[in-house]
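> sequence and predicted structure below; questions after.
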Amino acid sequence: MRAVAAILLLLGTIASAAETADIIFMNGNVYTVNEKQPRAEAVAVSRDRIVFVGSNADAQKFRNGETRIIDLGGKTVTPGFTDSHCHIFGIGEREMKLNLEGINTLEDFLAKVKERVAKSERGKWIVGRGWIETFWKTAQFPTRNELDRIAPDNPVYLTRADGHASVVNSAALKIAKIDDHTPDPFGGRILKTDGEVNGMLLDHAQELVEKNIPAPTAAERGEALLTGINREIGLGWCEIQNAGSRYDDVDLITKAFAAGKIKIRFVNAIYGPGNDARNFLREGATINAFDHHLTQRTIKVVFDGALGSRGAALLTPYSDAPESSGFFREKEEDLRPMLEAALRRGIQVETHAIGDRANRTILDLYAAAFKAVPPNERKIDKPRWRVEHAQILTEQDIPRFAKLGVIASMQPSHAISDLFFAPARLGIDRLRGAYAWNSLIKTGAIICGGSDAPVERGEPMIEFYAAVTRKSTKGESHEGWHPEEAVSRLEALKMFTSNAAYAAFEENDKGSIEAGKLADFTVLSGDIMKIPEPEILKTRCEMTVIGGEIVYQTN
């Protein structure tokens, strides 16, 4: 099939006259992301590959008595959207557990928790996720005292939307044996007010409580996985790049594929450093399993915290908390040998880095690894390592991505939510290098786009809109938002298609609508390349096609 694909790509968009199609999509407004043929009306598919892209009239040459015809009625077709950074189990769990997303006041937050407590047995854990205090009238973290008043007899563990901070009540602190004298773990903080633990735990400090919560069963984890995937497919995502799994999850994912329960294309990463990463490095990558549906070739490092919870590692202190500059979650000396081993074994590395200090340091570590393991000693000459988020950069570090060949994996929605509070965290001057999409592109860097769901909503149209407008969903822009960092609609489309494919070593199979490539399409209700900006947010997925199979369709 690879040889056939190569020949078709070489010859152009029309395959041999003898080839017929299983299905032809006609009357579409097709954006191919192929510079040689940017637009088309029809796409013909044989088995799971594209055999023709072009006009409705020419598509008839690939039709026989058994060919299925899909009339798109003028709807917009793009290459299948890829979410280059999401947390698929977290998406499913958000739908299954106490979802605190979209709550706009502390009072509503507490009311929703109180409602769940009233329905729960005494002593049962109350677990939820999704709150963001920066949108509340008083943008302050909730406290254990506030939770104690509504949940005196149930341990409570409620994670901020970014996953880097949680608030717990006194019952949970007691179970975890955390008091005013408990030292901070490396890579975490136990926050205090006037010397007393206030219930807020940052990054690795969360694990002190989390390890006491009954673990979900395999069946519950499996339900979360499939719930998350079904949501993604319905939104028009054809592939997800899952930004971190424990090794225990790999068996669950593989069994779900073997049972035919998963239709989406799935690129998985294993958390490192640690035993999981060591086992992965020893066993090696899995590439294109289950007929190009499952690849695992990446180690995911979480290097610092989040900007909202002030865990992002900064070069100078936070403007609104001068006593803190954030912190690293991992030790540099633990990363160096893993990075060098990954180069020798052909394993990609992607690293969560939000603050400017975290970004500079991980670029330094990448550069040192590249120097220590020259191309002739690597399994893959150009390893396509990634920095996940790359949110806050100095002007001198922006060009280093292209120079080092490092991909910036960014989530546009972070800008239009974070920029409401980022000026307070960073001050106006540091915002010049914040969410700097256009500046990175101008230096030659490749940006792949994702959503970071469940941190954000995870909807492709929100991400596309954020990239091209750099405005809030209400059309707002404020001082320090740097509208010049917005990108063109074509660049935004590439982030979620061709660039995402490149970031996963899939550019020969995915990312554009061309003969020989996999037949993955996202069909939309509106022409996102032309409609007014506010209309982008109203655009919906009408059909999701993966390998020529319609896996989702509106009624």
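The structure has been received and is ready for your questions.
> residue 212 and residue 98, how far apart?
Distance of residue 212 to residue 98, computed by C-beta to C-beta, to the nearest Å: 18 Å. Heads up, the C-betas are built off the backbone N, CA and C, glycines and all.
> actually residue 243, not the one I typed
Counting by C-beta to C-beta - residue 243 and residue 98 are separated by 23 Å.
> those two - which one has more neighbours?
Between residue 243 and residue 98, residue 243 has the larger neighbour count (other C-beta atoms under 10 Å), namely 27 against 18.
> the more buried one sits in which helix or strand?
Counting by DSSP states H and E, the element that carries residue 243 is strand 237-245.
> what about the closest residue in space to residue 331 that isn't next to it in sequence, helix or strand, and which?
Counting by C-beta to C-beta, 6 or more residues apart in numbering, residue 186 is the residue found nearest to residue 331 once chain neighbours are left out, at 7.4 Å. Using DSSP H and E, residue 186 falls within no helix or strand.
> same check on residue 226?
Here residue 226 is assigned to helix 218-235, by DSSP H and E.
> about what we covered before: quick one: the strand holding residue 243 to chain centroid distance?
In terms of C-alpha atoms, centre = their mean, to the nearest Å, the gap separating the centre of strand 237-245 from the centre of its chain is 7 Å.
> who does it touch, helix- and strand-wise?
strand 81-86, helix 88-96, strand 265-271, strand 294-302, helix 498-503, strand 521-524, strand 541-546 (3 or more C-beta pairs under 8 Å, 6 or more residues apart in numbering; DSSP states H and E).
> repeat that for 7 Å
strand 81-86, strand 265-271 (3 or more C-beta pairs under 7 Å, 6 or more residues apart in numbering; DSSP states H and E).
> can you give me the pLDDT of residue 260?
Residue 260 carries a pLDDT score of 96 in this model.
> pull the number of nearby residues for it.
The number of residues packed near residue 260 is 8, by other C-beta under 10 Å.
> cool, residue 403 as well?
So residue 403, with other C-beta under 10 Å, has 12 neighbours.
> where's it, which helix or strand?
Per DSSP H and E: residue 403 is located in helix 400-404.
> quick one: contacts of that helix?
Helix 400-404 has contacts (C-beta atoms under 7 Å, 6 or more residues apart in numbering) with 363, 366, 367, 370, 408, 440, 443, 444, 445.
> rerun that using 10 Å as the cut-off
359-360, 363-364, 366-367, 370, 385-387, 390, 393-394, 406-408, 440-447 (C-beta atoms under 10 Å, 6 or more residues apart in numbering).
> any idea which helix or strand carries residue 154?
Assigned by DSSP H and E, residue 154 belongs to no helix or strand.
> got a list of what it touches?
With C-beta under 10 Å, 6+ apart, residue 154 has these contacts: 113, 116-117, 120-126, 147, 169, 171-172.
> and residue 485, by the same measure?
Residues near residue 485 by C-beta under 10 Å, 6+ apart: 415, 431-441, 467, 470.
> mind doing that once more with 8 Å?
415, 435, 436, 437, 438, 439, 470 (C-beta atoms under 8 Å, 6 or more residues apart in numbering).
> please apply the same query to residue 88.
225, 228, 229, 232, 240, 242, 266.
> run the last query once more with 6 Å
Residues near residue 88 by C-beta atoms under 6 Å, 6 or more residues apart in numbering: 228, 240, 242.
> ditto for residue 339
With C-beta under 6 Å, 6+ apart, residue 339 has these contacts: residue 369.
> help me confirm that it is found in a helix?
Yes. Judged by DSSP: H, G, I helix; E, B strand; the rest coil, residue 339 forms part of a helix.
> the residue nearest to the spatial centre of the chain and residue 191, how far apart?
With distances taken as C-alpha atoms, centre = their mean, residue 85 lies nearest the centre of the chain, 1.8 Å away. As judged by C-beta to C-beta, residue 85 and residue 191 stand 27 Å apart.
> and the residue nearest to residue 103 when sequence neighbours are not counted, how close does it get to residue 528?
Of all residues beyond its chain neighbours, the one nearest residue 103 is residue 109 (4.9 Å), with distances taken as C-beta to C-beta, 6+ apart. To residue 528, residue 109 is 34 Å away according to C-beta to C-beta.
> what lines up beside the helix or strand containing residue 201 in the sheet?
Assigned by DSSP H and E, residue 201 belongs to strand 196-203. For strand 196-203, the paired strands and their directions (DSSP bridges) are strand 165-168 (antiparallel), strand 188-193 (antiparallel).
> which one, of those strands, ends up nearest to residue 523?
Proximity to residue 523 (C-beta to C-beta) singles out strand 165-168 among the strands paired with strand 196-203, at 38.4 Å.
> so how far is that closest one from its chain's centroid?
Chain-centre distance of strand 165-168: 22 Å, with C-alpha atoms, centre = their mean.
> give me the contacts around that strand.
142, 157, 158, 159, 199, 200, 201, 202, 206, 209, 309.
> helix or strand right after it?
helix 170-176.
> gap between that next one and the chain center?
Chain-centre distance of helix 170-176: 32 Å, with C-alpha atoms, centre = their mean.
> what is that helix packed up against?
Here helix 170-176 touches helix 206-210, going by 3 or more C-beta pairs under 6 Å, 6 or more residues apart in numbering; DSSP states H and E.
> can you give me the buried ones in the helix it packs on?
By 16 or more other C-beta atoms under 10 Å, the buried positions in helix 206-210 come out as 206, 208, 209, 210.
> contacts only, for residue 306.
Neighbours of residue 306 in contact, by C-beta under 6 Å, 6+ apart: 162, 164, 312.
> so which of those is the closest to residue 541?
Checking the contacts of residue 306 against residue 541 with C-beta to C-beta, the nearest one is residue 162 at 25.9 Å.
> is the closest residue to that closest one other than its chain neighbours in a helix, a strand, or coil?
Excluding the flanking residues, the one nearest residue 162 by C-beta to C-beta, 6+ apart is residue 306, at 4.0 Å. Classification of residue 306 by three-state DSSP places it in coil.
> check the nearest residue to residue 67 once chain neighbours are set aside and give its pLDDT.
Counting by C-beta to C-beta, 6+ apart, residue 67 lies nearest to residue 21, which is 5.3 Å off, once chain neighbours are set aside. Per-residue confidence (pLDDT) for residue 21: 96.
> from residue 49, how far out is residue 21?
Per C-beta to C-beta, residue 21 is found 10 Å from residue 49.
> tell me which element residue 465 is part of?
Using DSSP H and E, residue 465 sits in helix 460-469.
> what about dumping the CA coordinates of that helix to PDB?
Extracted as PDB, the C-alpha positions of helix 460-469 are listed here (Å, rounded to 0.1, in the frame of the first residue of the first chain):
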ATOM      1  CA  PRO A 460     -11.800  22.200  17.100                       C
ATOM      2  CA  MET A 461     -13.800  25.300  16.100                       C
ATOM      3  CA  ILE A 462     -12.800  27.100  19.300                       C
ATOM      4  CA  GLU A 463      -9.200  26.300  18.700                       C
ATOM      5  CA  PHE A 464      -9.400  27.400  15.000                       C
ATOM      6  CA  TYR A 465     -11.200  30.600  16.000                       C
ATOM      7  CA  ALA A 466      -8.700  31.400  18.700                       C
ATOM      8  CA  ALA A 467      -5.800  31.000  16.300                       C
ATOM      9  CA  VAL A 468      -7.200  33.300  13.700                       C
ATOM     10  CA  THR A 469      -8.700  36.000  15.900                       C
END
